[in-house]
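Requesting a structural model of the entry that follows:
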Amino acid sequence: QAQLLESGGGLAQPGGSLRLSCSGSGRTFSRNAMGWFRQAPGKELEFVAAISWIGSSSNYADSVKGRFTISRDNAKNSMYLQMNSLKAEDTAVYYCAARPFTEETVSGASRDYDYWGQGTQVTVSS
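Numbering: from 1, shown residues only. All right, here's what the predicted structure looks like:
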């Protein structure tokens, strides 16, 4: 069973950058597709980005495409989300999620992910 821990959230100014990390435990981390989701106050959980188990495929929500980059380092049991050109509407709690899946397609559906972290707060404000 994968256990996930997010870090790197905080306060950033509009136009600024943050890098989120997700550390996973367990020997099977590398056999999981991974994703980032976010939830703003009063809103539903929203897909942000996803990456395949070996990192060769990725997908992004239209709202973050060109600004955010997802990556992973299986040797370190870690996944990352580089967030640039941040906007106020990026303010949310960000969750990483894992899906035991070793094909190259990536999913943006939260129901496909079995394991979730506790979340890290990202606030974009001047």
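
and the strand or helix carrying Glu6, average pLDDT?
Counting by DSSP states H and E, the element that carries Glu6 is strand 3-7. Regarding strand 3-7, the rounded mean pLDDT is 94.

Quick check: closest non-adjacent residue to the spatially most central residue of the chain.
Closest residue to the average C-alpha location of the chain: Trp36 at 2.3 Å, with CA atoms, centre = their mean. For Trp36, ignoring the flanking residues on the chain, the nearest one in space by CB to CB, 6 or more residues apart in numbering is Val48 at 4.2 Å. From N, CA and C alone the C-beta is placed, and that goes for glycine too.

Next: Ser17.
Asn84 is the one closest to Ser17 (CB to CB, 6+ apart), at 4.8 Å.

how many other residues sit next to that neighbour?
14 (other CB atoms under 10 Å).

Please report how far it lies from Pro100.
30 Å (CB to CB, to the nearest Å).

List phi and psi for Arg111.
phi -70, psi -20 (degrees, to the nearest 10).

tally of neighbours for it?
6.

unless I'm mixing things up, the residue nearest to Ser17 is touching Ala12, no?
No. Look at Asn84 against Ala12 with CB atoms under 8 Å: they stay out of range, at 10.1 Å.

what helix or strand does the residue nearest to the centre of the chain sit in?
strand 32-39.

where do the strands sit along this structure?
3-7, 10-12, 18-25, 32-39, 46-51, 58-60, 68-73, 78-83, 92-100, 115-116, 120-124 (DSSP state E).

so where's this protein uncertain?
Across the chain, the ranges flagged by pLDDT under 70 are 1.

Test my guess that Leu4 contacts Gly119.
No. Counting by CB under 8 Å, Leu4 does not reach Gly119; the two are 10.0 Å apart.
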